[in-house]
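The following comprises the amino acid sequence and a computationally predicted model.
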Amino acid sequence: MSRPAPGTPRPWRAAHRPTPPPHRFGFRFDPPFRLPLALLGVRPETTGVELDADTVTIRFGPWRLRTARGNVTGAQVGGPYRWWRAVGPHLSLADGGVTFGTGTTSGVCLRFADPVPALAPGRWLRHPAVTVTVADPDGLLRALRLPAGS
């Protein structure tokens, strides 16, 4: 087996780059909604938003939303919300977006270039946006590193 010439990059070293750890964001649970959400399987240990180098994954009890990070085209902080529109899993009849909410104070709305499935099994119901009521909305925006004004 021959060795490469000195200074020649080795393919395995070029391909092995350490990846940064994923960013994880927990949901903020308002006390009045903890029990009703727990009955749906939505608890602090079954919820979260995770960003890695390539993917955005949202867990909300039994519901999941997963998309390529490049599919996120915009994000903004919103709120306060009305509890009947924001707590639990919701489909917006206005724009087809989905809300995964655990409180009413604030949340982050992520917009997608290509709509993604989340509420129903299969791929027939797709959403152009998702709102999540994470505990650190500004931190989620910083971690996404989207262009200003998105």
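Structure received.

Could you check the longest strand seen in the chain and say which residues are buried?
Secondary structure of the chain per DSSP state E: the longest strand is strand 107-117. For strand 107-117, burial by neighbour count (16 or more other CB atoms under 10 Å) applies to 107-112, 115-117. From N, CA and C alone the C-beta is placed, and that goes for glycine too.

gap between the closest residue in space to residue 132 that isn't next to it in sequence and residue 65?
Nearest residue to residue 132, sequence neighbours excluded (CB to CB, 6 or more residues apart in numbering): residue 100, at 5.2 Å. Noted for residue 100: a distance of 8 Å to residue 65, by CB to CB, to the nearest Å.

where do the contact lists of the two overlap?
58, 118, 130 (CB atoms under 8 Å, 6 or more residues apart in numbering).

Most neighbours of all these, which one?
For those, the largest number of neighbours (other CB atoms under 10 Å) sits with residue 130, at 26 neighbours.

Listing request: residues of the protein with sub-threshold pLDDT.
1-20, 147-150 (pLDDT under 70).

The same query, at a cut-off of 80, please.
Where the chain drops to pLDDT under 80, the residues are 1-21, 121-123, 146-150.

who's in contact with residue 40?
Contacts of residue 40 (CB under 8 Å, 6+ apart): 61-62, 88-89.

How about residue 132?
25, 27, 49, 58, 60, 99-101, 107-108, 110, 140.

Could I get the full set of helices for this protein?
In the chain, helices defined by DSSP state H lie at 11-15, 34-39, 83-86, 137-144, listed in chain order.

Nothing else from me, thank you.
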